[in-house]
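Colleague: sequence first, predicted model second:
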Amino acid sequence: MSRFSNSALTRRYFTLGALAGTGALAACGNGIGSRGPETIDARVDSTLNFMYNEFPGTQQLASQAAGILVMPLVTEAGLGLGGAYGRGALQVQNSTVDYYSAARASAGIQIGAQQYAHVLFFMTNEALFGFRQSSGWAAGADIEYALNDNAESIKAETTTSLAPVIAVVFGQTGLRLGATIEGSKYTRIIP
């Protein structure tokens with residue numbers, strides 16, 4: 001009888017400990033008590049400076065956009081099954097209005113890891129409003145990519161495009177060839 005009581009007591013403590021741990025982990029994930037906003041803001045500023053210096057045509061895109069989502073660092077890894085995750089900020093008129101995470105899962109023949117940055121330019125107020133009002137916005141095939149395969153310049157037609165969302169995907173040493181954000185889900189977070 002005492003053995004059953006000890007087992008039940010052990011399970012009860014384990015369950016309570018697991019629930020407490022889950023709450024603490026969730027709080028950490030949301031950045032409660034962390035310096036998350038300052039870290040993200042610093043990375044966003046650095047990413048924008050890098051992009052504007054390396055790809056000057058993006059300044060014109062930014063000036064025409066209703067808002068821009070900057071994802072300074074997305075880490076992608078896979079071995080059969082893969083995923084990607086990063087955090088960034090949405091800016092409207094050069095001010096941060098919200099923080100977002102980007103996540104994507106994939107399956108198939110894949111191996112390796114990489115990191116890259118990307119910026120989404122919302123070229124219409126409707127596209128920006130739809131993004132901000134969704135509970136989880138997924139990047140689809142309708143996104144236009146602005147850099148050519150050599151990462152030399154913004155395509156001329158991009159600056160006059162009627163596409164509602166234009167993406168610039170780049171890495172620390174230039175364009176990540178074949179990079180796509182299709183299938184990424186963006187969710188508002190509290191860093």
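Modeller: Looks like it came in fine. Numbers count the residues shown, from 1 in each chain.
Colleague: pull the CA atoms of stretch 102-117 into PDB?
Modeller: Taking C-alpha atoms only, stretch 102-117 is exported to PDB below (Å, rounded to 0.1, in the frame of the first residue of the first chain):
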ATOM      1  CA  ALA A 102       8.900  33.400 -38.600                       C
ATOM      2  CA  ALA A 103       8.700  29.600 -38.600                       C
ATOM      3  CA  ARG A 104       8.600  26.900 -41.300                       C
ATOM      4  CA  ALA A 105       8.700  23.200 -41.300                       C
ATOM      5  CA  SER A 106       9.800  21.000 -44.300                       C
ATOM      6  CA  ALA A 107      10.300  17.400 -45.200                       C
ATOM      7  CA  GLY A 108      12.200  15.700 -48.000                       C
ATOM      8  CA  ILE A 109      15.800  15.200 -49.100                       C
ATOM      9  CA  GLN A 110      17.800  17.800 -47.200                       C
ATOM     10  CA  ILE A 111      20.800  18.000 -45.000                       C
ATOM     11  CA  GLY A 112      22.600  20.900 -43.500                       C
ATOM     12  CA  ALA A 113      22.000  24.300 -41.800                       C
ATOM     13  CA  GLN A 114      22.200  27.900 -42.900                       C
ATOM     14  CA  GLN A 115      21.300  31.400 -41.700                       C
ATOM     15  CA  TYR A 116      20.000  34.300 -43.700                       C
ATOM     16  CA  ALA A 117      18.000  37.500 -43.300                       C
END
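Colleague: in stretch 125-143, which residues are buried?
Modeller: Within stretch 125-143, the residues scored as buried using 16 or more other CB atoms under 10 Å are 127-128, 131-132, 137, 139, 143. Heads up, the C-betas are built off the backbone N, CA and C, glycines and all.
Colleague: and that stretch, how far apart are its ends?
Modeller: By CA to CA, to the nearest Å, the extent of stretch 125-143 from end to end equals 16 Å.
Colleague: hang on, the earlier thing: please flag which of the buried residues of stretch 125-143 sit within helices.
Modeller: The helices, defined by DSSP state H, take in 127-128, 131-132 from those.
Colleague: before we move on, back to that, tell me the one of the buried residues of stretch 125-143 nearest N94?
Modeller: For the buried residues of stretch 125-143, the minimum distance to N94 (CB to CB) is 14.4 Å, reached by L128.
Colleague: so what secondary structure elements neighbour the biggest strand by length in the chain?
Modeller: In the chain, with assignment by DSSP state E, the single longest strand is strand 95-122. Under the contact definition 3 or more CB pairs under 8 Å, 6 or more residues apart in numbering; DSSP states H and E, strand 95-122 sits against helix 36-54, helix 57-64, strand 67-92, helix 125-133, strand 165-170, strand 185-189.
Colleague: again, only this time at 6 Å
Modeller: Counting contacts by 3 or more CB pairs under 6 Å, 6 or more residues apart in numbering; DSSP states H and E, strand 95-122 packs against strand 67-92, strand 165-170, strand 185-189.
Colleague: what's the burial count for the closest residue in space to Q59 that isn't next to it in sequence?
Modeller: In space, and not counting its chain neighbours, Q59 is closest to Y52: 5.4 Å by CB to CB, 6 or more residues apart in numbering. For Y52, the count of nearby residues is 13 (other CB atoms under 10 Å).
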